[in-house]
Structures are given as C-alpha cells and as structure tokens.
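Asker: Model the following, please.
(2 chains, ligands or ions: 1)
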Amino acid sequence: MTMKVTSKTFIRKTKRGNILKIVREHYLRDDIGCGSKICKKCKHNNERPLVKHQSINKDFPDKHYLLVDTNVVLHQIDALEDETLKNVIILQTVLEEVKHLSHSVYKRLMDIIGNYSRSFYVFVNVYHRDTYVERVRGESPNDYNDRMIRVATLWYNKHLDDKIKVLLLSSDEASKAKAINEGIPTMSLEQYISGLNNVTLTDKLSNRSCMVEETSKEPIFPPHLTPAKIHQGIKSGKLMQGTFFASVDNFLEGNVFVEGQEKNILIQGRENLNRAINGDIVAIQMLPESQWSAPANLVLADYDDLDLENDLNTVEKPKEKYPTGQVVGIIRKKWRQYCGIIQHSLVENATRHLFVPAEKKIPKIRIETRQYDKLKDQRVIVSIDTWPRTSRYPLGHFVRSLGKIGERDAENEVILLEHDVPHSKFSDEVLGCLPKETWTISATDLVGRKDFRDLDICSVDPPGCTDIDDALHCMPLDNGNFQVGVHIADVTHFVKPGTAIDLEASQRATTVYLTGRRIDMVPGLLSSNLCSLRGGEERLAFSCVWEMTPNAEIVNSTYTKSVIKSKAAMTYDQAQLIIDDQNQDNSIALGLRQLNKFAKILKKRRIEAGALVLASPEIRFLVDSETRDPLDVEVKQIKETNSMVEEFMLLANVEVAKKIYSDFPEFAVLRRHPKPPPSNFESLIKAAAHLGVELNVDTSRDLANSLDKAVKLDNPFFNTMLRILATRCMLQAIYFASGTKTYDEFLHYGLAAPIYTHFTSPIRRYADVMVHRLLAVSVAANNTTPEMLDKRKIEALCQTLNTRTRMSAYAERASVALNTHIFFRGKIRDEEGYILYVRKNALQILIPKYGLEGTLFLSPRKGQLQAATFTYNEEEQTQRCGEIVFRTFDPVSIQLSLDSSNVQHERIVLKLVKPEIPNFSVPSITASTVAVQESQKNPHEPCDSLCEPQLKKAKI
Amino acid sequence: MDLLSRQGLRTDGRRSGELRRIRCKMGVFNQPDGSAYLEQGNTKVVAAIYGPHEIRTNRSKAPNDSAVINCQYSMATFSRSERKRRPRDNKSAELTLHLKQAMATAIKTDLYPKSQIDIFVQVLQSDGGNYSVCVNAATLALIDAGIAMEEFVISCTASLANGETPLVDISHLEETMGGPSLTVAILPISGKIAMLETSQRIHINHLEPVLTEAVRGCRFIYENLNKIIKKHYEEIGGASNWGTEEYNI
Ligand SMILES: [Zn+2]
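Answerer: Next comes the predicted model:
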C-alpha cells in the first residue's frame, strides 16, 4: 500500500480572540474498498454489503446502488429506515455533516448501517486518493461537500464499469442540476419513491412539499430571526436563550428556563409561543413590563375548546405579574418521533389529516396519508418535518403503526416509547453472556467467598416477587451482642464490566414495572432465577455482616462475597405472622423478632435526625392472570415487616456509601437528595395556613415535626394530603460521582443522611451494580477496571441513570393511569375525594382509592349551559357557589366514569356528588350494582378490544 | 470527533498502527560537529551536536572517567499555531532532563573522559510527539557527529482510542482529544527501555497494550532511520550528492 499525504488548513479563533492557522496532515489511501460484491478491482474490499439486484423501480429500471446526499439523510431518515430501500452508499462526507447537524439522525443512520441486511455501506471518500478533492479558494463548505459527493458518484459509476449504476439522490434543485450536467444519474428521493409504488413508503416521506400549497395563505405567526441576528441579539443582551417547557394544562402557555434567571419567563398566546415545541432551545425577547402577565391558572384540556381560548384573553389578570416574553427564534429543535392517534375525519378519501400526540405538551401535527381507513383506529408514530408561518399546526409525516387503540400491547408500547424506555428483546450478544440454564455453583465460584450456607437467612418481600435482591439474618453472640447480616444478590458475578450484557444493563439503568409487564434490566435467567435469592437454593451473595449491640450500635462491620442458602422466602404477611406468633421460637422466628426490634430503634433514630415520612398514593391493581385486565385496586399496605426490611436496606446503603467513599474519594457512586429551595414550599404553606396550620420548612426536622403536628380531627386524610403535597415540593434524588461534589452536597435530605448510595437492588438498578464493583475492590475481591476510575465517565453514566430512572417512574405512573381507564370501562363509581388545588375554572381532586388525580371543571364546557356559577377567590384560594365554599384539602364525594365518547381519547370524568349543588351535582349511585350489571352483560370481558386472542398467548 | 472511526481510520486517515511520514536529512549545518533535521508528520525538529570537547564549566565537578552530557531542548517561537512569547517554559526544562536521561543510556561516555558532549534540539514545528522526534533527531545527529553509541535511542508515542484500540505515533490533535498518552524511548536491539512517561494516570489493564504499540512504533522508526542512514553513507561514499538530498520513505 502506498499513501499520499496532503494537508488540511483550518482557521480558528481562540477564546482570547487570536486567529489561529491550524495545519493538519491528511493521508490519502488506496486501500479503501468500494463495498460492492461484484467488484474485482478493489484489493482491500473486506466488507462488501452492496449486492447485485434487479431494479423494481419503474422510473429507474437499470441495476443500481443509491448514493444519498446530506439533506436526504437529514430530512428523510424515516423513509431511509424503511426496509424497502437497500444497497445504499453513505459517503464519509455525508456522515460527518449529518453528525454535525443532528446527533439523533446520526444515531439512527448508524443503526441502519449496522444492520447488515439493509446493505448500507460507508465509503470513506475523504481518505480515498481518487475521490478526495481539495477545497478551492472561495468555495463555501456546502459547495465543497456537494462537489465531493459528485466526484465520488462519478468515481463509483466509472469504477463499476456501468455494470451497476450509482444513482445520486439529492433534494436540492441547484445541486441536482449540477450533477445531471456532469452526466451523473440523479433524482430526488420523492421521485425515486414514486417509482416504487409503495404507499407506506410514500407516507413516510417528509412533508416539505406542503409548504408550497400553504404559502398562499396569510401568515399566522411572526417570522423567526435569522441565526446571525439571534447570535447578535444574545450577545448584546437584547435576547435571551433558554429551554422552552410547554404547560401540561394549557396549550397556549409555556415557560422558558433561562440559565441564571431567578424566575422562568412566561410565554402566553399563540403568537408569542411562535411555534416553539416542548424542549426546544429558543431565543426570546422580553415584553415591556406593562405587558407582563400571570399564568392563567386555567385548565385548557381540549385543543379545540375555542370558548376557553377566548376566555383566556378576556379574563382579568391578577395583580402579581411574571416576567413575560415572546419567542423570536428557535435555536435548537428538540423534535422527536411522537406517539398518538389520527383525529377522526369526516371527509371521505381525504389525504390530509390531523395527528393528536399522546403527550399533551405537543401540538397536533398535520400529516398526509392515503391509509386513513387502515390507521384511523391505530396508535401511530409521527415525525415533525417543518412548521411554516402560514400553518396553524406543524407539518409532519406518518412513520409506523403500533397497533389498535385500546389494545394493551399497543398502549404499553406507547407508554414505553413516550418515556424512551429501552424495551426491545435482549440481543443474542447479550444472551450469549449468560451462563447455562442449568448453571450451579462450582468450586471456582466459591474461591474467596465466605460460606454462609448454614446461617438462618431468610428474605421478606411483597407477594409474587420473583426478583429477590436481598435476604437477612440475625443471631445472638456470646458477648451479648448480635450478628446481623444483609445479603444482596451478587449480580456482578455474572455481569462483568464491558461485556454486552453490562452495556445493555447500563443503558436500561433500571427494571421498569408496568402493570402486568416487567421490563427487565438484566435477562430473566438472572433476574428471576440465578441472582434471585430464592428460598432453599444456594445462591451467590455480597454480604454486609455487622456486630450490633442490643442498642443497635454497629461495633464492627465486614463486607464479603459469600454463598448463602436462604431458609425461607417469605411475604410481608407471613413474616408478620411469625413475629406475632409467640409460640414460634425457632431461630428464624427469634431472628426476625430481634431484627424487628433493631428496625424500630433504627427508625426512631432516623426520624429524630430529621428523616421525612412522606406519602405518595401508591396503589396496585389485582390483575386477571389470563386477560391481564385489572380486576380491582388496592392501596399498597405498609406492614411492620415492610418497614423492617426497609430499615436494614437503608442501613446497608449508608454503611456501604461510607465504605466506598473512604476508599474511592473521587470515584464513589453516591446518591444525594438536595434540600429544596424555600420557594418550592410557598403554595403549600399558603394552603395550609388557610386551614390554620403552620408549616415550618427550615430544616427537614422542622418539616417532619410540623407535618406530625398537622392533624385535623374533622378530616382524617388531611395529614396524608399534606404529606403528598410536601412530596411534590421535593427535588429529585440523583446519582453522582463523589469527586464532582463537596462533602456538604452529598446530603440526602429526605433520609436526613449525610451520605447515601444504592447497594441493595443490583438486579433491578444499575447504580447498585456500579457500587457492588467498587465495594468488591474495597474488600479485594476484584481488581479495578479503567472505567471505574474515570470520573468523567462515571458522572456521564450517573446522568444517564438519573434520566432513565425519572422516565421509568413516569412510565410506571402512566401504566397505572392506563389501567385505571381500562378498569373504569363500563363502570360508574362514587368515591371519596379531596381537593388538592383550587384553580380558576376547576378543582383538582385526589381520589386516594385509585391514587387518581382528576379535574372537576366548574365552568361550563363548550356549547353547554350551566345554571350554577362559581366565584373564584384568588387570594383565599377558594371557589364559592352560593353557600358552599371549596377549599384546598376539603373532602368531596365524586362520581367517576369513563368518557369513551371520543374513542381515540378516553378520559376519566369527575362529577360532583357531595356537597350537593343544585343544577351542578349529580345524584349518588350505588357503584356495585352498575359494575355487576356491566359484567353480567359480558362476563369474560367488560372492555371492548382487550380480548384479542393473540393477547392471551402473550407471556407475562 | 472520534479518534478512530468505525471504518478503522484515524482523524488524519491513518490506521491505528501506522506511523506518520518520516523525512530526514543529516549534516544540515556546518558549524556543529554533527546535525540532523527530522520530520515525523508535521512535527519538525533540528538537532545539533558539539563535542566531544573540553569541559568548559564546573570543571571541578566533572567525573574523571567519563564524558559530561549537556542537553538543551527548546521550541521555536513559531513552532506552534498559537505563538508564545517565551517558549522556554517549565515543560522545556523537564524535557531537557528527559532527553539527557535517554541519550545518556546509549552514548559510550567512558570513551570520552574529561570531556563534554552538547546536544541541542529545537522543535521548529510542533504537531504531537515532540519529545520522541527530538530523541530520534538527536540520535541521528550523534551518528553524524561520529560519537560512539551502544546503539540507537529511538522514541515513539502511543495512546488509546475508544478505551480499547492502541494508536501509535499520535498527532497533536490525538494528544489533546484522547485519553492518556504514553512516550517510550528504547534501545531497539537490546530492547532496553531508556525512558517511559505517561501524560496522566493510565490504568494497569491498558498499560501493556499501549506500551507494546509504542515499542512496535519504535522498531518501525528504527528500521526506517537505519535505511536512511545507510543510504546517506552510501551516497557520501559515492562522492556525489553530498548529503544534500532528502530521503523519503
Ligand atoms: Zn471496487
């Protein structure tokens, strides 16, 4: 091989403003293959995905490969993802440009390239001696790249001797003309796809051509500033840059978070929002103070509720004004693919449709499809292509269908996609890392392990738990102290650093529990079998063994890899029975009783230190094992034994945190929970004050104390409500690398612990896996790996874990909401509820039984008349109708039903039962009778579409 | 930017185990007793040797049975894209010491008692691996000066891409973008290591592959330089083109 060398020169400006000339070497090679199977010229043609095939395109009947330019990749990635397009050459020039312009498109492109069956080939044209050209003086980067693409296409056509043509796909008219001029076969992708006669593929085309049709109309939105003007404006301080967050409740309102600004900037109204979509990085201009406004405090649930929209413009603005601004440009679009449904259309054979995203913060999207009849009752995915000034909605295109609306699998898919939960099947590479199904502990596995198989270890978990992370034991010592052991599944024995299974687990970050479906972090063989500390089976563990005084003081601690044999895997109830039954005096019963005693001491100590007891309405569905339908709900019961296990897990986490931090001051993976800023509590303090309850939030202990005191005899749920609302004032607890923060910042506010980590659930949390590895090095069971000692990598991974953990919590909540809907199909129930917030036009109601939060609208809906009128008092946070006054925390009786009138968008409807308000409240109904009647109609399946035969076959 | 693309090419088009282009010229100056100019990629260095000559300073401290080696490493003001007013910084002082250490292992100092050998190297253009290129240039200049050596001293760098693939003979861009980089100077025939340095902490698991790659680079450079020197002396012997030609590989 011979190499030629040339140089590339860049001009760059330094931070100080100096101009630098940077010269880099650029080697040109002759050992880069063309990637074609038919080629006999290239000597170094190792990878040859491009195959010979007959053209099925009526507009281009010759055998051919495709070569796409940058714009085609950027705008038509959905079409490129379609399996129909094969034998595509991606030039390095294109790849680099795409990477530079859109990271998400780049990742998707790389995924296609990685799929060998798609026959995509990356040709490194920039290092090939025949296809590299130097940039000429005065040539713009765009023109230069276009020329590189043309040179490469010409080279290919010559290289393949016209046995196979290489067809350039380009969307830009000017560069297309240039290419045709040079004798290169060229087309636009639209043209090419129309020659394929493929409806699905046509739908996937980006919707840019619509613009032509729309431009004849009057613009609805003000224009966006050019990037140069935005840059200038931000530099001069006239504009600000920030992240746009759309309001969940009100589609005509949003906030922009600007770094360094104390308050978020309020954006109100269609024109001021100016086409910003949730998550976009936007440039904003402040409005003069005279035009400042306040959040409308309205709930605009339906996008087409024009009455309410007008209402918004006419309502009197309250006194307190917020800094308000308008969007003048979008710096970076955070558009992604959206799940949703196609709005019902009355026009037959129409091709233009509106797509309604599942995410309320996203506007409707206009798409073109010829498949309406097929897609009208489907959950579909849509991409946004553009949002011109003349269009009320952004323009987009159909990507793919997820299945029928209301069908559990399709709905679950929506939840998983919307929350970006990785949930595909484990790849063969990952499964290849697993031991055999018949794996048993061998002599080599036992090297360096303590043998705890004779200890009376047992586990206590909720019923039906198959991934048992932890087990406990306790026995008296001769000196009057006790030996207490916390044994955690030794997942890192099977998940070695850097393996495919390890990378997959780190990307998944956590196991996600949807109702009736668990998305595992590690494959089932590990999570439910080999790592699960089942009763009566020998398992590998990582043990914390402490000597404790009868007063629960640790006098010494040992951490060791071990082998255990749990004597029993119990439920909370079973353990409770054993503890309570004084006739039982075997070592397990004695151990449990002693552990329970210790737990009470530990808990008391924690509470005294200021740990918070917060509440969130946690419920679980009892699910039909056959249909996976929710049969009933129950609030998760907290038993004494539940709290017992929890105390020891907390203890283990704190002790392990101390240990790894002392051994790895820079690299320990810890978990912190920052103290919330006082402003977070403002509205809660105000609401409590209306009821004469004073909350002190100075420290977590003050908060805990004032929550304990806040009891109202006439409202037994008041205290729980306060705790629920206090929970919402908290910040997220997050993982971090110890070297990135000072010791004071390690604080876990909620647990009142100066240092904390996660060690006890390695089967379902990746942070615990990282902590296990650190602890294993601490106790000399393993050596370090490079990744463990790279602060930047640890911190980056912690960020991923934080995002995934947060999203999985949202997904789990969404799953509960989905099941609530399914549960209420065909049912009407009266339930006790409590007012969480008082709004201008509605009451936000919590129904503890279902952990459900819903909106009770007080003002009439569109096109309806309502005799009862309510008066809103902003200062007092009340709504009044005649004699009846609604305040935060008040109990109400609510009738719940499911509104299925809009098949595509079911929702729970709340109606007031008590207190009675003439012409507003509804009469009480005996819930059970209706439910029974409904189920008698259709004894197996009260819900419409859920009884599809294929569903029954699906495994749980 | 990735240090190594999925197609296995580095940012300048080389593969992981490929050296940069080497060009050199021996006997570039008349004044010194030996000199050489060496280019490895865009890193360009001159080296000049004075000596062996009588010790001029600190005569009292000089050993009786061997030569004193005096080194000076410097960078030309124009050597980097961002021009520095005072190129002689701490880094240069440190590299001077390292250079002296590496060269001292090969020069047969006991043949030159009570004398001094001066080694001056200057980086004319800097683009990664400055120290290594200086060691190699110094070796060439010492040969040009006819100073007796055990064998060549050859140096090369290596780094790690994507946490797994070692890269040899790294450029400035790779030095600044990558993880830890390692510099080694060896006596290629005996395989002795004359100097070893890493830019930052390097994990034990990575040390061996990176070191192996750097040593392999040294051997390649050694073969190349050896060829150039042989050709140089053949031509001097041939009484034509008196050392004025550039030798490319
Ligand atoms: Zn070829």
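Asker: Secondary structure element holding residue 184?
Answerer: Picked chain A for this. Using DSSP states H and E, A:Ile184 sits in no helix or strand.
Asker: Chain B was what I was after
Answerer: strand B:182-187.
Asker: Restricting to C-alpha, output that strand in CSV.
Answerer: Written as CSV, here are the backbone C-alpha positions of strand B:182-187 (Å, rounded to 0.1, in the frame of the first residue of the first chain):
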residue,chain,number,x,y,z
LEU,B,182,2.5,7.2,26.6
THR,B,183,6.0,8.1,25.5
VAL,B,184,8.7,5.5,25.4
ALA,B,185,12.4,5.6,24.4
ILE,B,186,14.1,2.3,23.8
LEU,B,187,17.4,0.8,22.7
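Asker: Relative to it, what are the paired strands and their orientations?
Answerer: Take DSSP bridges as the rule and strand B:182-187 pairs in its sheet with strand B:154-161 (antiparallel), strand B:192-198 (antiparallel).
Asker: Could you look over those strands and pick the most buried one?
Answerer: Greatest average neighbour count among the strands paired with strand B:182-187 goes to strand B:154-161 (a mean of 27), per mean count of other Cβ atoms under 10 Å in any protein chain shown. For glycine as for every other residue, the C-beta is placed from the backbone atoms N, C-alpha and C.
Asker: nearest spatial neighbour of residue 95, skipping sequence neighbours?
Answerer: This is for chain A. A:Val122 (6.2 Å; Cβ to Cβ, 6 or more residues apart in numbering or on different chains).
Asker: I was after chain B.
Answerer: Nearest residue to B:Leu95, sequence neighbours excluded (Cβ to Cβ, 6+ apart): B:Tyr73, at 4.5 Å.
Asker: Pretty sure that neighbour sits against B:Val135.
Answerer: No: look at B:Tyr73 against B:Val135 with Cβ atoms under 8 Å: they stay out of range, at 10.0 Å.
Asker: the more surrounded of the two?
Answerer: Comparing B:Tyr73 with B:Val135 by other Cβ atoms under 10 Å in any protein chain shown, the one with more neighbours is B:Val135, at 34 against 27.
Asker: so B:Leu19 sits right up against B:Ile170, yeah?
Answerer: No: judged on Cβ under 8 Å, B:Leu19 makes no contact with B:Ile170 at a distance of 10.5 Å.
Asker: Which of those two has more residues huddled nearby?
Answerer: It is B:Ile170, of B:Leu19 and B:Ile170, that has more neighbours when counted by other Cβ under 10 Å, with 32 against 17.
Asker: Name the helix or strand for the more buried one, please.
Answerer: Counting by DSSP H and E, B:Ile170 is part of no helix or strand.
Asker: Please give me every residue in contact with it.
Answerer: When contacts are counted by Cβ atoms under 8 Å, 6 or more residues apart in numbering or on different chains, B:Ile170 touches B:128-129, B:157-159, B:178, B:181.
Asker: Let me know the closest of the residues you listed to chain A.
Answerer: B:Gly128 (10.0 Å; Cβ to the nearest Cβ).
Asker: Number of residues surrounding that closest one?
Answerer: 22.
Asker: Tell me the spacing between it and B:Gly8.
Answerer: To B:Gly8, B:Gly128 is 20 Å away according to Cβ to Cβ, to the nearest Å.
Asker: Check A:Pro497 too.
Answerer: Separation of A:Pro497 from B:Gly8 (Cβ to Cβ): 24 Å.
Asker: gap between the two ends of stretch A:489-504?
Answerer: Taking Cα to Cα, to the nearest Å, the first and last residues of stretch A:489-504 lie 19 Å apart.
Asker: Run a quick neighbour tally on the closest residue to the ion within chain B.
Answerer: As assessed by Cβ to the ion, the ion sits closest to B:Gln7 within chain B, at 15.0 Å. B:Gln7 has 15 neighbouring residues, counting by other Cβ under 10 Å.
Asker: and it, helix, strand or coil?
Answerer: Three-state assignment for B:Gln7 (DSSP: H, G, I helix; E, B strand; the rest coil): coil.
Asker: swap in the one 10 residues further on?
Answerer: Assigned with three-state DSSP, B:Gly17 falls in the coil class.
Asker: quick one, phi psi at the nearest residue to it once chain neighbours are set aside?
Answerer: With sequence-adjacent residues excluded and distances taken as Cβ to Cβ, 6+ apart, B:Gly17 is closest to B:Val168, at 5.6 Å. Main-chain dihedrals, B:Val168, degrees, to the nearest 10: phi -100, psi 150.
Asker: related to what we said a few turns ago, farthest pair in the contacts of B:Ile170?
Answerer: By the measure Cβ to Cβ, B:Gly129 and B:Gly178 form the most distant pair in the contacts of B:Ile170, at 12.7 Å.
Asker: Compare these two and say which is more crowded by neighbours.
Answerer: Higher neighbour count among B:Gly129 and B:Gly178: B:Gly129, with 29 against 18, using other Cβ under 10 Å.
Asker: contacting residues for the nearest residue in space to the more buried one that is not next to it in sequence?
Answerer: Using Cβ to Cβ, 6+ apart and skipping residues adjacent in sequence, the residue nearest B:Gly129 is B:Thr157, 4.6 Å away. If a contact means Cβ under 8 Å, 6+ apart, then B:Thr157 has B:128-129, B:132, B:168-170, B:175, B:181-184, B:214, B:217 as its contacts.
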